[in-house]
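Asker: just coords:
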């Protein structure tokens, strides 16, 4: 995540965004050659009293009879008979009743839903007018080997290709004579717009561009010919923002035309938006289109190359979700989204060129422009599929949309990229045709084709630890899915993995859950096997699995079932952190369902709650909130018992914030977090946090976790501690991380941010000088130590008493005291602990001179570090000693710092000649800068007031002369008894003296 901002996701509001490229547009004329698993909440938190409200629902029926029966008995606003859907208006309180009606498959709340156009990210490198940099559409046809089909005499002439987008430039020479009269604008009042605009003219340019890639004739410039240059073009125009009625009507229209004898063969959807768990309305519609033999290609999205970024509605299993390649057709484009879906299913499916694509523009009848994105790769696949269907029709070979998808995936080259990035890869349409022609036929004469992921090549799953548990989906795609046999897992891999043979999706595209459950005592080494998929006709496909099991000594339970953040999966925002843990023999096991029990926890060394207990509004705008994955009383008891008996607990969260548009509390249910951690003397602030970007937190106390830590990225709320808890980090004086341990070795760490372990923070990309990885490594080592030392320190004046417990009692301890005086001289002394019982000890330390005393106890894998300061001197003021930039008047300045040599300087205020000076405040000091123009008097008085952590006060005046006195003179004493002088030589056309008072 680059510079993340909070994303507010309401489960009933799906905002799908048309993917438009941003950045420069290159024009050329004809003479130029330019270059879910759904989890029911178990606890409800009511933010405000429930208010019933009128809602707009889209109801999807399983069969036409159920729809007709419903329409005959209810008042409906719109009927979409071919999609088997209706829109009704009913009260929020009636939603569950609607779901319970016989024949209802799903109910989608469309209230306030809008579809908004957005621009895609640009990279100027790919938007230059250079033939070597621009990927020509004609070359795309060569990369996909569509030109092979052209050479056979097929260019899509029998095909209707439907582009649902922003319209089309009807005057462009590349479309003449092929834009169908049935083309339609869905910008009408009936569809929820404020106006009726029957024109299909493109005012945006995106639709014209995608139509050109899909089916442009190349008349204006032969280099920019589309994939299906003879196909009939059906245009469905939408405007932004678009009401849901318009999108539904656009989908329904394809089926309406089919009913009337006009067969739409392919649909291009170069738009999408954030995917959420479960099926949304648009995905349900695409499924209906496939069941009606209409192939739909959908953009995978432009959200970058991290896992779980693939977008909806391409997340619908049966669609063809299209990734983008670089210009050459080799390699993944930098913006192309990556699977899996929010439900964990395998996507994308295919890839095509998407960078620097030249196609039709709207400026004139011969305009061509360059755009990039999966918006551009998708119509290449749509058009290629159209030509393949044209060939099959010409050869009288039976087909359906599922078979076309299967053949294209079988023909594809994955270029060695893992299937979650590239799907099957870049298709070869000539090869796809040959595969269809050579395929065996079933009893109905239908070609039998079967594709499966060739190899489980997601790097994360190729080397796993002993004790690892998690699952990942694999999939097959079949042209005859109703005749598929049950897949079989075989080989030595069966010793550590099982296959759920009930598909999570169907019919053509089937996702199967592969579950790894590696025993802690599993033999280290290579495990191999395969999943064999087979049709009734004997056609087979195999997914090869090669896994190396490496030593694993520890296991952390990642309780994914208690957060609805899709990015918190193993492959999500914590992947680098988790991979680092795996490399150290620590298995992070993702549990996505079930309850937390004492029996479950007994198998783990620590439990990790990442972004837990999210506040959601499933019936927004109702203010009735639910806590996603809320803990039951039994679960809380199990976790607290686990810690009481020596287990470890790690929680990271951002806290609560307020949605700026609706004023609702969002984020984590802090009340539930605090209920869980109440025994540990830590409480998370329930107030709202607000950040534009991550800043940095500083070390508050020296601890095993903060050893060698400078600063840590922070974005989130704060926390408070009492009793035995230790504050680890602070931001602007408020704690942001804390640790607790009990006498049995139970340990707890709570961090009110997750930015230090996400994909940017863990590699120190947010801010300079951070040590996030060190902090994270220390944290895990402390939580997972086997031979623990638990220390409670009590300080009275200059004496510190330590009560020490070794766990187990036989653990060997070594102790030392390191003293650093005010001059930085360090002395280390080994000390002997006094035994007070079996595995218990004591020690007393006296602080005799000003300085820092660090008491350290070591075991084989644990460490206690406690630092204690004796400070009887006040803060000081330090000047730079000269004008930076020399004697030049312009830009010259002196920097000053108010600090304390041993502790922190607090409550700092500075005035110059009675006027307040603006300070740059750090964690332990403050600084300010003086320029020549600040010196308004001959004798300028800087007054400084500061108090350190021990109550020592600096209250003194310092003199800064505008011109130098003949001889240095000591300032008169102020009301405070500080009388020494600091003389700094500076140059400002003449000598200037700085006199600083200091306590003796």
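Answerer: Sure, I can see it. Being a predicted model, the structure only gives us computed values, none of them experimental.

Asker: show me what residue 558 is bridged to.
Answerer: Taking DSSP bridges, one finds residue 590, residue 608 as the beta-bridge partners of residue 558.

Asker: for residue 477, same thing?
Answerer: residue 451, residue 509.

Asker: where does it land on pLDDT?
Answerer: The predicted local confidence for residue 477 comes out at a pLDDT of 98.

Asker: that one is in contact with residue 419, isn't it?
Answerer: No - under the criterion of Cβ atoms under 8 Å, residue 477 is not in contact with residue 419, lying 11.8 Å apart. Just so you know, the C-beta spots here come from the backbone N, C-alpha and C atoms, and that holds for glycine as well.

Asker: for the protein, give me the ranges with low pLDDT.
Answerer: 1-52, 114-136, 619-623, 661-662, 881-891, 923, 963-1000 (pLDDT under 70).

Asker: list the buried residues for stretch 68-75?
Answerer: Residues of stretch 68-75 classed as buried under the neighbour-count rule (16 or more other Cβ atoms under 10 Å) are residue 70.

Asker: neighbouring contacts of that stretch?
Answerer: Residues external to stretch 68-75 that are found in contact with it (Cβ atoms under 8 Å, 6 or more residues apart in numbering): 59, 61, 76, 79, 86, 88, 101, 103-104.

Asker: which among these end up buried?
Answerer: By neighbour count, with 16+ other Cβ under 10 Å, the contacts of stretch 68-75 hold 59, 61, 79, 86, 88, 103-104 as buried.

Asker: from those, which land in strands?
Answerer: Secondary structure defined by DSSP state E assigns 59, 61, 79, 86, 88, 104 of the buried ones among the contacts of stretch 68-75 to strands.

Asker: with adjacent residues omitted, what lies nearest to the third one?
Answerer: This points to residue 79. Spatial nearest neighbour of residue 79, excluding adjacent residues (Cβ to Cβ, 6 or more residues apart in numbering): residue 86 at 5.1 Å.

Asker: so the one you found makes contact with residue 76?
Answerer: Yes - counting by Cβ under 8 Å, residue 86 does reach residue 76; the two are 4.6 Å apart.

Asker: you'd agree residue 679 is in a strand?
Answerer: No - under DSSP: H, G, I helix; E, B strand; the rest coil, residue 679 sits outside any strand and is assigned helix.

Asker: all helices of the stretch 601-750 of the chain, in order?
Answerer: Assigned by DSSP state H, counting those that start in this stretch, the helices in the stretch 601-750 of the chain fall at 633-644, 670-677.

Asker: now tabulate those helices in a markdown table and tack on mean neighbour count.
Answerer: A markdown table is the format used below for the helices of the stretch 601-750 of the chain (neighbours: other Cβ atoms under 10 Å):
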| stretch | mean neighbour count |
| --- | --- |
| helix 633-644 | 17 |
| helix 670-677 | 20 |
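
Asker: need those helices in TSV with distance to residue 871, can you?
Answerer: Shown next, in TSV, are the helices of the stretch 601-750 of the chain (distance: least, Cβ to Cβ, whole Å):
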stretch	distance to residue 871
helix 633-644	36
helix 670-677	33
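
Asker: so which of those comes closest to residue 186?
Answerer: Nearest of the helices of the stretch 601-750 of the chain to residue 186, taken as Cβ to Cβ: helix 670-677 at 44.2 Å.

Asker: tell me how far the closest one lies from the chain's centre.
Answerer: Taking the mean C-alpha point of helix 670-677 and that of its whole chain, the gap between them comes to 24 Å (Cα atoms, centre = their mean, to the nearest Å).

Asker: report the angle between it and helix 633-644.
Answerer: With axes from the mean of the first three to the mean of the last three Cα atoms, to 10 degrees defining the directions, helix 670-677 sits at 50 degrees from helix 633-644.

Asker: does anything pack onto helix 670-677? Which helices or strands?
Answerer: Using 3 or more Cβ pairs under 8 Å, 6 or more residues apart in numbering; DSSP states H and E as the contact test, the elements touching helix 670-677 are strand 43-46, helix 633-644, strand 648-652, strand 682-684, strand 747-751.

Asker: residues making contact with that helix?
Answerer: Applying Cβ under 8 Å, 6+ apart, the set of residues contacting helix 670-677 from outside is 43, 45, 612-613, 627, 630-631, 636, 639-640, 649, 651, 653, 655-656, 683-686, 717, 748, 750.

Asker: got a ChimeraX select line for the buried ones in the residues you listed?
Answerer: Typed into ChimeraX, the line below selects the buried ones among these, using 16+ other Cβ under 10 Å:
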select :45,612,613,627,630,631,636,639,640,649,651,653,655,656,683,684,685,717,748,750
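
Asker: hmm, back to that, dump the buried ones among the contacts of stretch 68-75 into a markdown table; add distance to residue 931 as well.
Answerer: Below are the buried ones among the contacts of stretch 68-75 laid out as a markdown table (distance: Cβ to Cβ, whole Å):
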| residue | distance to residue 931 |
| --- | --- |
| 59 | 70 |
| 61 | 75 |
| 79 | 74 |
| 86 | 72 |
| 88 | 70 |
| 103 | 78 |
| 104 | 73 |
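
Asker: hmm, back to that, what about residue 477 and residue 419, which has more around it?
Answerer: Summary of the neighbour comparison: residue 477 and residue 419, criterion other Cβ atoms under 10 Å, with residue 477 having more neighbours (29 against 24).

Asker: contacts only, for the more buried one.
Answerer: Residue 477 makes contact with 349, 402, 405-406, 409, 450-452, 508-510 under the criterion Cβ under 8 Å, 6+ apart.

Asker: now, which of these sits nearest residue 694?
Answerer: Taking Cβ to Cβ as the measure, residue 349 is the one of the contacts of residue 477 closest to residue 694, at 35.3 Å.

Asker: surely that closest one meets residue 316?
Answerer: No - contact criterion Cβ under 8 Å: residue 349 and residue 316 do not qualify, at 10.8 Å.

Asker: burial of residue 563, as a residue count?
Answerer: Applying other Cβ under 10 Å, we find 22 other residues in the vicinity of residue 563.

Asker: actually residue 764, not the one I wrote
Answerer: Residue 764: 16 surrounding residues under other Cβ under 10 Å.

Asker: ok, now residue 567?
Answerer: Other residues within reach of residue 567 by the criterion other Cβ under 10 Å amount to 23.

Asker: that one should be in a helix, yeah?
Answerer: Yes - counting by three-state DSSP, residue 567 is part of a helix.

Asker: ok, and the closest non-adjacent residue to it?
Answerer: Closest residue to residue 567 in three dimensions, ignoring its sequence neighbours and counting by Cβ to Cβ, 6+ apart: residue 573, at 4.4 Å.

Asker: residue 611 is in contact with the one you found, correct?
Answerer: No - Residue 573 sits out of contact with residue 611 when judged by Cβ under 8 Å, with a separation of 9.2 Å.

Asker: please name the residues that touch residue 281.
Answerer: When contacts are counted by Cβ under 8 Å, 6+ apart, residue 281 touches 14, 58, 60, 108, 110, 244, 248.

Asker: and if we set it to 7 Å?
Answerer: 58, 108, 110 (Cβ atoms under 7 Å, 6 or more residues apart in numbering).
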